[in-house]
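Visitor: Structure for the following, please:
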Amino acid sequence: MKKIILIAIVLMSAAGQQLWAQSASKHFQYTFGGGKKDILYSSIETADKGILSVGYTESFGAGNFDMYVIKNDSEGKLEWSKTYGGPKEDYGRSVVKSQDGLGYLLLGYSNSFSENSYFDIYLIKIDLKGDTLWSRYYGLDRSEYGYSVIATKDGGYMLLGEVINNINGEKNADVMLVKISASGDFEWSKIYGGNLTDYLYNIEQLEDGSFLMGGETNCFGAGEWDFLAVKVDVTGKLLMAKTYGALLTDYGRFAVSTSDGGFLVGGNSFNFGVGDMDFVLVKADKDGKIEWSQSYGDLGAEYMLDMKKMPNDAGYIISGYTNSFGSHVEDIFLLNIRNDGKINWAKTIGGDYGDYGVSVLPTSDNAIVVTGNTKSFKVNSDDCFIFKVETKLSRNLCNSMIIRPITQSYLKVLSTDARLYELETHIVDRSVPTVVKSVETIEQQLCIEK
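Guide: From the prediction side, this is the model:
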């Protein structure tokens with residue numbers, strides 16, 4: 001009898017554990033913020049299956065705008081929130097896990113500790129609880145902005161950003177790449193550009209150690225602005241620079257490697273598609289030669305902001321916003337495609353006043369987390385918006401709608417070589433006295449479904 005009771009208890013315990021595992025939230029929506037403008041730009045999954053996001057806030061902090069970090073648990077609930085900065089303006093744009101596994105690196109730009117009004121690339125290392133371990137500026141005698149940070153295979157980090165140039169008396173921008181050690185010490189930096197403006201927004205280290213970056217240019221190409229894809233080696237030496245576009249404007253957002261050794265470059269186009277502006281993807285081989293292209297959209301405008309690979313080579317997930325569907329104000333646009341560019345599913349998420357999916361993140365539990373900002377569900381001004389959805393197409397969930405974008409293939413995309421100049425430069429690297437504040441973020445749960 002005792003043995004039977006013991007077996008029953010064990011079975012009940014196992015069933016309880018299974019029920020708990022099945023009851024984890026597969027869909028949630030939360031807003032976070034204060035009385036003014038709060039926006040998130042980048043998120044990562046943490047070791048405890050939570051989410052850590054970085055952006056900026058006008059609601060809290062030491063200055064006009066501060067870098068803003070929010071830590072959520074696996075259910076989306078707020079665990080802590082902190083601001084980082086000084087007396088002026090400090091913005092967060094990217095986050096990566098530290099190489100030692102003991103914290104995170106936050107990248108952005110700041111003018112709080114400048115002797116003039118110039119911005120510098122701003123990098124902060126924090127521990128797992130958000131306390132600052134060190135913070136640094138990287139810059140020249142002008143403004144620089146940090147957009148993306150990644151961990152590199154040699155144990156250090158690469159920072160990608162922008163530097164202001166003044167060619168022929170005009171204020172334009174070039175690409176800046178900064179290589180640092182694990183402790184944040186400067187190793188080398190290079191500037192790439194033309195005689196007008198070039199931006200690269202994302203960076204990825206490839207299997208061979210080289211780096212792939214994606215963005216846009218109005219210096220080279222067929223139109224006013226073209227997509228721009230660039231490869232450099234481990235020392236920053238240019239290996240390839242290609243433009244993709246047509247006679248009007250194509251705003252590039254990213255380049256992402258593919259499993260066959262090529263890459264996808266994507267963005268937003270006035271040249272292709274059926275509406276005012278559509279998502280456009282161009283698939284190229286390892287040398288940048290076009291293999292296929294596809295547009296996604298409808299009669300209004302679609303704007304792509306982020307794209308990530310799905311696990312196990314299962315395609316890609318894209319986030320942005322659209323006004324083609326629903327109430328015809330901006331809704332978050334979430335698009336899942338296969339490796340050949342064909343659509344698996346598409347959804348919009350949002351309300352009546354404008355919602356934007358700035359960053360997308362596939363998670364280890366086969367779900368997708370999107371972070372950005374919302375005007376529809378705000379407490380006061382713009383608030384941070386974090387939501388989680390399953391990777392498979394399912395029924396319409398709260399504040400969401402399944403949609404069917406119109407696609408067009410075999411677009412007449414033109415590709416040219418971008419003859420970027422490459423300039424080695426030595427930047428100033430210095431520690432700065434970041435002010436850290438724990439803040440009382442307002443949390444609003446919109447919905448949660450098991």
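
Visitor: Take stretch 197-211, keep the C-alpha atoms, and write them as PDB.
Guide: Provided in PDB are the C-alpha atoms of stretch 197-211 (Å, rounded to 0.1, in the frame of the first residue of the first chain):
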ATOM      1  CA  THR A 197      26.100  59.800 -46.700                       C
ATOM      2  CA  ASP A 198      26.400  56.100 -46.000                       C
ATOM      3  CA  TYR A 199      24.800  54.200 -43.100                       C
ATOM      4  CA  LEU A 200      25.300  50.700 -41.900                       C
ATOM      5  CA  TYR A 201      23.000  49.500 -39.100                       C
ATOM      6  CA  ASN A 202      23.700  45.900 -38.400                       C
ATOM      7  CA  ILE A 203      26.800  43.700 -38.300                       C
ATOM      8  CA  GLU A 204      27.400  39.900 -38.200                       C
ATOM      9  CA  GLN A 205      30.600  38.000 -37.900                       C
ATOM     10  CA  LEU A 206      30.700  35.100 -40.500                       C
ATOM     11  CA  GLU A 207      32.200  31.600 -40.200                       C
ATOM     12  CA  ASP A 208      35.500  32.700 -41.800                       C
ATOM     13  CA  GLY A 209      35.900  35.600 -39.300                       C
ATOM     14  CA  SER A 210      34.900  38.300 -41.800                       C
ATOM     15  CA  PHE A 211      32.100  40.800 -41.000                       C
END
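
Visitor: any idea of the mean pLDDT in it?
Guide: Averaging pLDDT along stretch 197-211 yields 98.

Visitor: and if you look at stretch 78-96?
Guide: Computed over stretch 78-96, the average pLDDT equals 99.

Visitor: buried ones in it?
Guide: 78, 81-86, 88-96 (16 or more other Cβ atoms under 10 Å). All C-beta atoms are positioned from the backbone trio N, CA, C, and that covers glycine.

Visitor: can you tell me which two in those residues are farthest apart?
Guide: L78 and K88 (27.1 Å; Cβ to Cβ).

Visitor: Let me see the ranges of the helices in the protein.
Guide: Ranges of helices in the chain, per DSSP state H, are 2-22.

Visitor: Contact partners for H27?
Guide: When contacts are counted by Cβ atoms under 8 Å, 6 or more residues apart in numbering, H27 touches F387, K388, V389, E390, L397, C398, C447, I448, E449.

Visitor: repeat that with 6 Å
Guide: By Cβ atoms under 6 Å, 6 or more residues apart in numbering, the residues touching H27 are V389, L397, E449.

Visitor: repeat for L414
Guide: Per Cβ under 6 Å, 6+ apart, neighbours of L414: A222, A246.

Visitor: Show me the shaky parts of the stretch 151-300 of the chain.
Guide: Within the stretch 151-300 of the chain, the ranges that satisfy pLDDT under 70 run 167-169.

Visitor: Identify the residue nearest A241 in space, chain neighbours excluded?
Guide: Nearest residue to A241, sequence neighbours excluded (Cβ to Cβ, 6 or more residues apart in numbering): A418, at 4.0 Å.

Visitor: separation between that neighbour and L200?
Guide: Applying Cβ to Cβ, to the nearest Å, the value for A418 to L200 is 11 Å.

Visitor: Counting neighbours, go ahead and name the busier of the two.
Guide: A direct count of neighbours by other Cβ atoms under 10 Å for A418 and L200 places L200 higher, at 28 against 23.

Visitor: rewinding a little: was I right to think the residue nearest to A241 contacts G245?
Guide: No. Counting by Cβ atoms under 6 Å, A418 does not reach G245; the two are 11.1 Å apart.

Visitor: give me the number of residues near the closest residue to W80 other than its chain neighbours?
Guide: Closest residue to W80 apart from its sequence neighbours, by Cβ to Cβ, 6+ apart: K71 at 5.0 Å. K71 has 19 neighbouring residues, counting by other Cβ under 10 Å.

Visitor: K71 reaches S53, doesn't it?
Guide: No. Using Cβ under 6 Å, K71 is not in contact with S53, being 8.1 Å away.

Visitor: just to revisit the earlier point, let's have the contacts of H27 in a markdown table, adding pLDDT, distance to Y122 and neighbour count.
Guide: Converted to a markdown table, these look like this (pLDDT from 0 to 100; distance: Cβ to Cβ, whole Å; neighbours: other Cβ atoms under 10 Å):
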| residue | pLDDT | distance to Y122 | neighbour count |
| --- | --- | --- | --- |
| V389 | 91 | 32 | 23 |
| L397 | 73 | 37 | 19 |
| E449 | 76 | 38 | 14 |
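
Visitor: I'd like to know which of these are part of strands.
Guide: V389, E449 (DSSP state E).

Visitor: And the residue nearest to W80, how close does it get to K37?
Guide: From K71 to K37 the distance is 20 Å (Cβ to Cβ).

Visitor: Tell me the confidence at G16?
Guide: 40.

Visitor: in the stretch 51-200 of the chain, which spans are strands?
Guide: Per DSSP state E, counting those that start in this stretch, the stretch 51-200 of the chain has strands spanning 51-57, 66-72, 78-85, 90-97, 103-110, 120-127, 132-139, 144-151, 157-165, 172-180, 186-193, 198-205. These are given in chain order.
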